[in-house]
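Participant: Got a predicted structure here, sequence first:
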Amino acid sequence: MDVMISALNGAPIHGFDADTICKATTLELILGGTDSTAVTLTWALSLLVRNPLAMEKAKEEIDMQIGKDGYIRESDISKLVYLQAIVKETLRLYPPAPLSSPRVFIENCILGGYHIKKGTRLMHNLWKIHRDPSVWSDPLEFKPERFLTTHQHVDLKGRHFELLPFGSGRRMCAGMSLGLNVLHFTLANMLHSFDISNPSTEPVDMTELFGFVNTRATPLEVLVKPRLPPNYYESL
């Protein structure tokens, strides 16, 4: 808030006052970083329950870097490279918003051989971009390892157009940093603290319900068991 207030102090503002701009920006940060986080966390757990070997690999990394008796801190996330790859692969397969926020052309232009009129709105199909077989090998498969090998240079900051779950440019999702921090921290703690499995003999249903937010068509049901000594939970 101090940064926003100082940036707006004395600045020429048209249409809205400084308080309204601060409030709107803060709400954008919170809403953009919470709703998308919950959706992505659900998809990540769905993928891991469906792929138990990947889940075990993530747990082994956490046990090695943190220790079974250790407590995960936000500063520890940088050491959990496989966990970060899981998050990237989840966002590739199931971006929180399957379509980007609209952009408006401010002038007539030629794009890819097409004449685009001024005022035309453009929305990118992120879901399709993230599954492009010319960019991603086995695009429909859950393979976190791709972000440790062939695509290890790809990040989530909008600089690589093959992976844009938060958009790109000056108007990309304002809640990206908050959402990613919460997502990594929450997923790491859940995998560290609990054994999570499928209570059914049937594979986890991965049907999507398309809308403004890319949610599951059916609720995710899992069986959760503690994997650490009782005193670990008592001290939380």
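Facilitator: Thanks, I have the structure now. Note that the structure is a prediction, hence the values are computed from the model and not measured.

Participant: from here on, contacts and neighbour counts on C-alpha atoms
Facilitator: Will do.

Participant: From Arg171, how far out is Met4?
Facilitator: 16 Å (C-alpha to C-alpha, to the nearest Å).

Participant: Repeat that for Glu234.
Facilitator: Note on Glu234: its distance to Arg171, by C-alpha to C-alpha, is 43 Å.

Participant: So the two - more neighbours on which side?
Facilitator: Just comparing Glu234 and Arg171: by other C-alpha atoms under 10 Å the higher neighbour count belongs to Arg171, 10 against 7.

Participant: Would you mind giving both backbone torsions of that one?
Facilitator: phi -110, psi 30 (degrees, to the nearest 10).

Participant: Same check on Val213?
Facilitator: Per-residue torsions, Val213: phi -120, psi 140 (degrees, to the nearest 10).

Participant: Over to the one 10 residues further on?
Facilitator: As for Leu223, its main-chain torsions (degrees, to the nearest 10) stand at phi -100, psi 120.

Participant: before we move on, which element is the residue nearest the centre of the chain in?
Facilitator: Nearest residue to the geometric centre of the chain (C-alpha atoms, centre = their mean): Leu91, 4.9 Å. Assigned by DSSP states H and E, Leu91 belongs to helix 81-93.

Participant: That helix - contacts with which helices or strands?
Facilitator: In terms of contacts (3 or more C-alpha pairs under 8 Å, 6 or more residues apart in numbering; DSSP states H and E), helix 81-93 is packed against helix 18-50, helix 52-65, helix 176-193.

Participant: Out of those, flag the one nearest Phe105.
Facilitator: Closest of the helices and strands packed on helix 81-93 to Phe105 is helix 18-50, at 23.4 Å (criterion: C-alpha to C-alpha).

Participant: Does the closest one pack against any helices or strands, and if so which?
Facilitator: For helix 18-50, the elements it packs on are helix 2-8, helix 52-65, helix 81-93, helix 176-193, judged by 3+ C-alpha pairs under 8 Å, 6+ apart.

Participant: elements contacting the longest one?
Facilitator: To tie it back to what came earlier, the one meant is helix 176-193. The contact analysis (3+ C-alpha pairs under 8 Å, 6+ apart) places helix 176-193 against helix 18-50, helix 52-65, helix 81-93.
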